[in-house]
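Engineer: Fold the following for me, if possible:
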Amino acid sequence: MFDPVITALYERDETSRSLGIVLAEASVGRAVMRMTVAPTMVNGHGTAHGGFLFLLADAAFAYACNSHGPVTVAQAAQVVFLAPAAVGDELVAEAVERSRAGRAGIYDVTVRRPADDRVIAEFRGQSVVVGGRPQNGG
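Structural biologist: A predicted model of the protein is given here:
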């Protein structure tokens, strides 16, 4: 289904899997993750907690930047929250590589609610290659 590196990475990703975050698509420099907002993911205002939105975007970023093979991690990231999401909303995070130079990369992630095509958040991550091939996949 996916490249063995990406498949192995997802199999080790207990956080994403335990929260119902699904890897929907992955190719070199790109990844798409899906998540449904659960009642345990909302804040006191009844909207999706920003930490979970960040986590969804960060997960998509991780798969996109690791799609090249070498172990790659975030060195910085920022998010802008644009609209609220509610319990039951399905959210899709699409990460796209913007630039890679040497060990550094820049990735943009859009978190969208497909039901109305509303953009919920925009995330930009900066990556750095830290090592060789990941375990069990390369």
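Engineer: Can you show me the strands along the chain?
Structural biologist: In the chain, the strands defined using DSSP state E lie at 22-27, 30-36, 72-81, 90-101, 104-113, 118-129.
Engineer: Make a markdown table from these and add mean neighbour count and mean pLDDT to it.
Structural biologist: (C-beta placed from N, C-alpha, C; glycine too.) Listed next are the strands of the chain as a markdown table, based on neighbours: other CB atoms under 10 Å; pLDDT from 0 to 100:
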| stretch | mean neighbour count | mean pLDDT |
| --- | --- | --- |
| strand 22-27 | 17 | 96 |
| strand 30-36 | 21 | 98 |
| strand 72-81 | 14 | 97 |
| strand 90-101 | 17 | 97 |
| strand 104-113 | 20 | 98 |
| strand 118-129 | 19 | 98 |
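Engineer: could I get stretch 8-19 in CSV with only the CA atoms?
Structural biologist: Taking Å, rounded to 0.1, in the frame of the first residue of the first chain, the C-alpha atoms of stretch 8-19 are listed here in CSV:
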residue,chain,number,x,y,z
ALA,A,8,6.8,1.0,9.4
LEU,A,9,6.6,4.6,10.7
TYR,A,10,2.8,4.4,11.0
GLU,A,11,2.9,1.0,12.7
ARG,A,12,5.2,2.6,15.4
ASP,A,13,3.0,5.7,15.7
GLU,A,14,1.0,4.8,18.8
THR,A,15,-0.2,8.3,19.3
SER,A,16,-1.8,8.8,15.9
ARG,A,17,-3.3,5.3,15.8
SER,A,18,-4.7,5.6,19.4
LEU,A,19,-6.4,8.9,18.5
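Engineer: Can you give me the buried ones in it?
Structural biologist: Neighbour-count burial for stretch 8-19 flags Ala8, Leu9, Tyr10, Asp13, Ser16, Leu19 (criterion: 16 or more other CB atoms under 10 Å).
Engineer: How much space separates the most centrally placed residue in the chain from Gly46?
Structural biologist: Nearest residue to the geometric centre of the chain (CA atoms, centre = their mean): Ala60, 1.9 Å. Applying CB to CB, to the nearest Å, the value for Ala60 to Gly46 is 25 Å.
Engineer: Likewise for Thr36?
Structural biologist: 16 Å.
Engineer: hang on, isn't Val129 packed against Ala74?
Structural biologist: No: contact status for Val129 versus Ala74: not in contact, 11.7 Å apart, counting by CB atoms under 8 Å.
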